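[1] Give me a model of this one.
(one chain, ligands or ions: 1)
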Amino acid sequence: MMNPNGLQVYSEIGRLKKVLLHRPGEEIENLTPELMNRLLFDDIPYLKVAREEHDAFAKVFQDNGVEVNYLEDLIAESLFDNSRKEAFIDEFVKEAGLKNQLRIEQVKDYYRSFETNRAMIDKMMAGIRREELKPSGLRTLSDLVDMNYPFIVDPLPNLYFTRDPFSTVGSGIALNKMRTPTRCRETIFSKYIFRYHKDYKNLDIPFWYDRDMANAIEGGDVLVLSDKVIAIGISQRTDADAIEIFARNVFSDGQPFQTILAFDIPKTRAFMHLDTVFTMVDHSVFTIHPEIEGPLTVYSLTRSDKKGDYKIEREYQTLETILSKYLEVDSVKLIRCGGKKGIDAGREQWNDGSNTLALAPGEVIVYSRNHVTNQLLESEGIKIHEIPSSELSRGRGGPRCMSMPLNRDLIIKK
Ligand SMILES: NC(=[NH2+])NCCC[C@H](N)C(=O)O
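    As a prediction, this is how the structure comes out:
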């Protein structure tokens, strides 16, 4: 459990030591109005400014002693030998939806033609526009039929939401099965990193979930509240059945976790993941979107003595009572996004006002635009680091969605 170099996430708030980010790339410039909906965007960010905002986000980590790893670097470093790189290209292209064999070979050759792994990865993330690969003697029937579709390989614009393709839980990871086709390919990167990157390959990392499983689960739904309690959303993106598979695996291992609280939240775009409506900011202090308090049902899955086994119960008390009971504290505080139900709550939640990322207990990163909620957090004694948020927020994700902790200090109970 004590591995300063390995994966260590036993809370949402322990001092952050290492985090995974992705700096938005050319994939953002490949969003078009027709594709936005399918690619899960509500507007098109201006890449130059999105990058400036993202750099400001990364700087908050660096200024606070957090090691920042970039997804694009880790995956490039994982493909150190040629057979590994070939297997990776193969898998990536297989899942890119190409059907014509000639085209498949042409795309693979194109990826191989990049001088460095990093340049190849950037291209894989960005997508391939139709005009980029000139026919060069290749003219297939499917090309003629698909002539009006702008891409040969779709872009992956959601990559800067590193929270979702996998989740670090304890000393292992859940390699997620994403709900939508557009996000499924993102998890190939995580798979190669945790199997083959030099920092991870010898750690024998347990996988609590795998990307080829049938039921969807996404990292935005998984919150490690303590070394005893994990909260998981049953949401637009995460199935109840996936939570049970995850529970069985985590409870079979020597991890300290005792209870999974499954939060059944409304299945709508605005509340796509649990972390869009509920995050932890300090010992027993949470942000919450007031609109979900009414419709929320919570179930507990409590580990039993038999390995991997658990019992399921529906919890009937208020959220405060449920959280206090399982976190073993006298009371908890819920800070409501926008203060209370209404216009400010709706507007600020839409722009991720309740999607905070803790750097340490009582110290969080927030979007500057959510000024009503931010002021409330400050008045409750929470230290906030505001980051600019005009462009990044157009993808519907905030500071927690844009980061995946790899290592946090353990919380030492007094
Ligand atoms: N953990 C999160 N809330 N992530 C937000 C992801 C946003 C992304 N556009 C999607 O729809 O998938």
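
[2] OK, contacts around the closest residue to residue 313 other than its chain neighbours?
    Counting by C-beta to C-beta, 6 or more residues apart in numbering, residue 300 is the residue found nearest to residue 313 once chain neighbours are left out, at 5.2 Å. C-betas here are computed from N, CA, C, even on glycine. Neighbour list for residue 300: 259, 260, 261, 262, 312, 313, 315, 322, 326 [criterion: C-beta atoms under 8 Å, 6 or more residues apart in numbering].

[3] mind checking how far residue 300 is from residue 248?
    Counting by C-beta to C-beta, to the nearest Å, the gap from residue 300 to residue 248 is 15 Å.

[4] Quick check, the residue in the chain closest to the ligand?
    Going by C-beta to the nearest ligand atom, the ligand is nearest to residue 220 of the chain, at 2.3 Å.

[5] Quick check: phi and psi on that residue?
    phi -60, psi -20 (degrees, to the nearest 10).

[6] That one touches residue 273, doesn't it?
    Yes - taking contacts as C-beta atoms under 8 Å, residue 220 lies within contact range of residue 273: 2.9 Å.

[7] Just want to know which of the two has more residues nearby.
    Taking other C-beta atoms under 10 Å, residue 220 and residue 273 do not tie; residue 273 has more neighbours (27 against 24).

[8] what about residue 325, neighbour count?
    Applying other C-beta under 10 Å, we find 15 residues neighbouring residue 325.

[9] got it, and residue 342?
    So residue 342, with other C-beta under 10 Å, has 11 neighbours.

[10] Which per-residue confidence value corresponds to it?
    The per-residue pLDDT reported for residue 342 equals 95.

[11] Equivalent analysis for the one 5 residues further on, please.
    pLDDT, residue 347: 96.

[12] for the one 3 residues further on, same thing?
    According to the predicted model, the pLDDT of residue 350 comes to 95.

[13] follow-up on the earlier one: show only the entries of the contacts of residue 300 found in strands.
    Those of the contacts of residue 300 mapping onto strands are 259, 260, 261, 262, 312, 313, 315, per DSSP state E.

[14] What residues of the lowest-mean-pLDDT helix or strand in the chain count as buried?
    Here the helix or strand of the chain ranked lowest by mean pLDDT, DSSP states H and E is helix 141-145, holding a mean of 75. Of the residues in helix 141-145, residue 143 count as buried by neighbour count, 16 or more other C-beta atoms under 10 Å.

[15] now swap in stretch 104-116 and tell me
    106, 107, 108, 110, 111.

[16] Among these, which one sits closest to residue 18?
    Checking these against residue 18 with C-beta to C-beta, the nearest one is residue 111 at 29.2 Å.

[17] Quick one: residues contacting that closest one.
    89, 92, 93, 120, 123, 124.

[18] Name the SS class of the residue nearest to residue 252 when sequence neighbours are not counted, please.
    The shortest distance from residue 252 to any non-neighbouring residue, by C-beta to C-beta, 6+ apart, is to residue 308 (3.8 Å). Assigned by DSSP: H, G, I helix; E, B strand; the rest coil, the conformation of residue 308 is coil.

[19] Double-check residue 308 against residue 246; I have them as touching.
    No - using C-beta under 8 Å, residue 308 is not in contact with residue 246; the gap is 11.4 Å.

[20] Pick out whichever of those two has more residues nearby.
    Neighbours per residue (other C-beta under 10 Å) separate residue 308 from residue 246, with residue 246 holding more: 25 against 13.

[21] So that one sits against residue 217, correct?
    Yes - proximity of residue 246 to residue 217 meets the contact threshold set by C-beta under 8 Å, at 6.5 Å.

[22] Report the distance from stretch 150-160 to the chain centre.
    Here the centre of stretch 150-160 is set off from its chain's centre by 17 Å, with C-alpha atoms, centre = their mean, to the nearest Å.

[23] Go through it and flag the buried ones.
    Buried residues in stretch 150-160, counting neighbours by 16+ other C-beta under 10 Å, are found at 151, 152, 153, 154, 155, 156, 157, 158, 159, 160.

[24] do stretch 63-81 as well
    The neighbour-count check on stretch 63-81 (16+ other C-beta under 10 Å) flags 66, 68, 69, 71, 72, 73, 74, 75, 76, 77, 78, 79 as buried.

[25] Start and end of it, how far apart?
    35 Å (C-alpha to C-alpha, to the nearest Å).

[26] buried stuff in stretch 319-338?
    319-320, 322-324, 326-327, 332, 334-338.

[27] That one near the ligand anywhere?
    No - if you take C-beta under 6 Å from any ligand atom as the test, stretch 319-338 misses the ligand, and the best it gets is 13.7 Å.

[28] mean confidence score for that stretch?
    The average pLDDT within stretch 319-338 is 97.

[29] Over to stretch 59-66?
    Rounded mean pLDDT across stretch 59-66 is 98.

[30] ditto for stretch 374-392
    98.

[31] who touches it?
    24, 45-47, 49-50, 52-54, 56-57, 60, 64, 160, 281-282, 285, 287, 333, 335-336, 339, 351, 353, 356, 359, 362-370, 398-399, 402.

[32] I am finished for the moment; much appreciated.
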